[in-house]
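In: Quick one: sequence and predicted model below, then my questions.
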Number of protein chains: 2
Amino acid sequence: MQLQLTSPLDMHLHLRQGEMLKNITPLSSKTFSGALIMPNTVPPITTKEMVKNYRDEIVEAAKDGTFTPYMTLFFSNSYNYEFLQSIKDDILAIKLYPAGITTNSEGGVNSFDIETLKETLEAMSQLQIPLCIHGESDGFVMDREAEFIPIYKQLATAFPKLKIVMEHITTAASAKAVLEHDNLYATITLHHLYITLDDVAGGMLQPHLFCKPIAKRPEDRAALIDLALNANPKVMFGSDSAPHPKSAKEAPGCAAGVFTAPIALQALAQLFEQHGKLENLQAFVSDNAQKIYNITPPKKSILLEKKEFIVPDSYGEIVPFLAGKSLQWSIQ
Amino acid sequence: MQLQLTSPLDMHLHLRQGEMLKNITPLSSKTFSGALIMPNTVPPITTKEMVKNYRDEIVEAAKDGTFTPYMTLFFSNSYNYEFLQSIKDDILAIKLYPAGITTNSEGGVNSFDIETLKETLEAMSQLQIPLCIHGESDGFVMDREAEFIPIYKQLATAFPKLKIVMEHITTAASAKAVLEHDNLYATITLHHLYITLDDVAGGMLQPHLFCKPIAKRPEDRAALIDLALNANPKVMFGSDSAPHPKSAKEAPGCAAGVFTAPIALQALAQLFEQHGKLENLQAFVSDNAQKIYNITPPKKSILLEKKEFIVPDSYGEIVPFLAGKSLQWSIQ
């Protein structure tokens, strides 16, 4: 059995910097036609020049003319209309982090007061620049995402023409909220379709499955599976693939992030097939994102084949999701 | 400021075996008058001879005539009245594990059907041998303890003369349940009075805070603090101090267990003082247990002093709870 995917897109990807970027970018560019590149580098991407330099770095590392890095800017409420107009053609979206909520997000937003954000969000709305949000409160780890939903709703209501993407949703509450506002959309990761907190901490503790937002309850995963596998047009694939060296994962104070980029399509094919939904994978990994972001990525055909694929124990110094496990789908 | 504790007791302690036992037993015997020793060794403690040998090993390692290891047997429904009568004077309690629920519990109980357990529990009831239970279902990690409560209630009702100890309770639901049956009691650990899941996985992932049952929500911790710090006579201190070598904690597949024995009294004094409840510490760490178990431990005076104590980074190869942190109470 084979499955042809056309122009797969990863609408939430961390490519890091320097050597790490050089090593991991080809692992995405090989199988994806494009990806939305997160701006939480050190320092974060906040100027036109930084966007251009970062894109050039990625294009060079990709070694593949058919891969498009869709760039993002690290949100700041200091961005005004003029600045955003000048940078509009260089970015696809702006990513907003609450301050300190995840890796390299210290410079994020401290207040979600509408007045404070209004000038920037109005300008984005007028210029049709979507807003991507890491939506977590600073509350109890299992409640953070659900506690953030009122902010999503408030923003969606206050800026009805602004497309807002709820990034890497992990809860049934978010799966419901995304359907309640025309201008809300969401990305869903591979690992949140696969695991719950049980996999992270229910048996032995598994640092390679530790991520932010943390994996939630079985009923939360079921709600994500329902949206993604039925190809609901409000959701799209965003891996949130976030590499950390093995040494940083397998130590006290383990960094948050799961590395899924090189095995994502194979593992998604397996999951969609298990649920009898293989015909919906194309929409989840490409078509929905094209419509939501109004983009036409470079044409790229990826042929998946039902043939065993043993996930490598590591890619360089990075341990991938499902390391050593056997998947039933491989990429030709 | 000083605080004199008389005959502190740790009513839930793992002393392991071999070299580990030799190394850690003095860290309990130094500051505790006695401890209830868990039987989940390899193989588990199931015979009179094993109880005696294990006790001898502990007494030798303790190097302190004022330390009493109160022994337990690993529960099996094959124990009949005759056997239990023959072993009664060698043990203080019997510990029941659901099969596979924690470290070395593979030989535990698969069914909580009252008929299956009846002969053994009736005999224990008649012989006044308390039953200690690790009460967790095999469900979702955050629900396991709450899901087990109906079994506690069923057993407490079916065997009204049997003293049942809910070990290491971690939830508000258990804190409520223990008060609802005359024959239910509970142990509470140090670490569950200190941490929530936020400390384990809310920031970076902290393997040294990973334990079973896993730390729960802030409102759960608040309910435990309420019982323990008010010296509720239904609860007593049981550290569940469970050492694993650093190498087993700081690796993928990290073992469950927090090592608290050598710092428990100091950290408890700090917590009780913070809440203005220092006068209740004696009841929580000794008097309640003496009444619940009807024991009179060897007299031992431990003098705590309000003086900074920096918790060591490790005790041999074991990283303790609060490693490197400053406590305000030390033992003279």
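Out: Ah, there it is.

In: now A:Leu209, nearest residue through space, not along the chain?
Out: Beyond its immediate neighbours in the sequence, the residue positioned closest to A:Leu209 (Cβ to Cβ, 6 or more residues apart in numbering or on different chains) is A:Val200, lying 4.6 Å away. C-beta: built from backbone N, CA, C; applies to glycine.

In: likewise A:Ala62?
Out: If you skip the residues right next to it in sequence, A:Ala62 has A:Ser29 as its closest partner in space, 3.7 Å away by Cβ to Cβ, 6+ apart.

In: quick one on the thing from earlier: where's the residue nearest to A:Leu209, which helix or strand?
Out: helix A:197-201 (DSSP states H and E).

In: next structured bit after that helix?
Out: Beyond helix A:197-201 in the direction of the C-terminus, DSSP H and E gives the next helix or strand as helix A:218-229.

In: Show the contacting residues for A:Ile188.
Out: For A:Ile188, the contact set (Cβ atoms under 8 Å, 6 or more residues apart in numbering or on different chains) comprises A:168-169, A:224, A:227-228, A:235-238.

In: Kindly recompute the last result at 10 Å.
Out: A:11-12, A:166-170, A:174-175, A:178, A:224-225, A:227-229, A:232, A:235-240, A:284 (Cβ atoms under 10 Å, 6 or more residues apart in numbering or on different chains).

In: again with A:Leu131
Out: A:Leu131 makes contact with A:75, A:93-96, A:117, A:120-121, A:124-125, A:155-156, A:159, A:162-165, A:183, according to Cβ under 10 Å, 6+ apart.

In: Just give me the neighbour total for the closest residue to A:Ile114 other than its chain neighbours.
Out: Using Cβ to Cβ, 6+ apart and skipping residues adjacent in sequence, the residue nearest A:Ile114 is A:Ala158, 5.3 Å away. Residues lying near A:Ala158 (other Cβ atoms under 10 Å in any protein chain shown) number 14.

In: these two touch, right, A:Ala158 and A:Glu122?
Out: Yes: proximity of A:Ala158 to A:Glu122 meets the contact threshold set by Cβ atoms under 10 Å, at 9.4 Å.

In: separation between A:His192 and chain B?
Out: 15 Å (Cβ to the nearest Cβ, to the nearest Å).

In: Report the secondary structure state of that residue.
Out: Three states are possible here, and by DSSP: H, G, I helix; E, B strand; the rest coil the one that applies to A:His192 is helix.

In: Closest to the centroid, which residue in chain A?
Out: Per Cα atoms, centre = their mean, the C-alpha nearest to the average position across chain A is that of A:His12, at 2.4 Å.

In: and the gap between that residue and A:Ile225?
Out: With the distance defined as Cβ to Cβ, to the nearest Å, A:His12 ends up 18 Å from A:Ile225.

In: Same check on A:Leu278?
Out: As defined by Cβ to Cβ, A:Leu278 lies at a distance of 14 Å from A:Ile225.

In: Off-centre distance for the lengthiest strand in chain A?
Out: For chain A, the strand reaching the highest residue count under DSSP state E is reported as strand A:68-74. If you compare the mean C-alpha spot of strand A:68-74 with that of the full chain, they lie 12 Å apart, counting by Cα atoms, centre = their mean, to the nearest Å.

In: helices or strands up against that strand?
Out: Packing partners of strand A:68-74 (3 or more Cβ pairs under 10 Å, 6 or more residues apart in numbering or on different chains; DSSP states H and E): strand A:9-13, helix A:18-29, strand A:34-37, helix A:48-62, helix A:81-87, strand A:93-96.
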